[in-house]
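Colleague: Quick one, fold the following:
(3 chains)
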Amino acid sequence: MFVYFIVSGHHISTPSPHRGPAPRQRQNIPLWQFIKELLKQADKFGDCVKWLDRSRGVFKVEDSSRLAKEWGLRKNRPKMNYDKLSRSIRQYYRKGIIKKTEQSKRLVYQFCTPYL
DNA sequence: CACCAGGATGCAT
DNA sequence: ATGCATCCTGGTG
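Modeller: Numbers count the residues shown, from 1 in each chain, chains lettered A, B, ... in the order given. Take a look at the predicted model:
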């Protein structure tokens, strides 16, 4: 009688210490590019995020929880929410990728010129 | 209450 | 070291 222990190829992630699990997640894409992807498909994601001023890269998050859900799907992060997604957007401020508009409006952001 | 700013920390790449 | 994901304190309309 044989028993096969399938210890998959490389290594299964260790239990998971502190915050959140560590689900095997493939498919890497920066958040700002992901947002641009949705922006390109107004038909599918217009209720999620849409351009306010396409030429200036100004966009508005129409449905924050939906956007977070889509991002969570893409990154395989089931616990993703807008609070955390927006924190990542805020990290883009000092990197000069995305900024808040002049008269900062709720749920409205703007891509910095080199990232348009 | 939902959104916004940014520090701290953990983790995978 | 980079890019989040997560967590948190505190502030605004």
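Colleague: wait, A:Ile98 sits on A:Tyr115?
Modeller: Yes - contact criterion C-beta atoms under 8 Å: A:Ile98 and A:Tyr115 qualify, at 7.3 Å. No exception for glycine: its C-beta is placed from N, CA and C like everyone else's.
Colleague: shared neighbours, the two?
Modeller: Counting by C-beta atoms under 8 Å, 6 or more residues apart in numbering, the residues touching both A:Ile98 and A:Tyr115 are A:Trp32.
Colleague: who's more crowded, these two?
Modeller: Using other C-beta atoms under 10 Å as the criterion, A:Ile98 and A:Tyr115 rank with A:Ile98 on top: 21 against 16.
Colleague: Next up, the contacts around the more buried one.
Modeller: A:Ile98 sits in contact with A:32, A:89, A:92, A:109-112, A:115, where contact means C-beta under 8 Å, 6+ apart.
Colleague: can you check A:Leu38 too?
Modeller: Per C-beta under 8 Å, 6+ apart, neighbours of A:Leu38: A:44-45, A:48-49, A:67, A:70.
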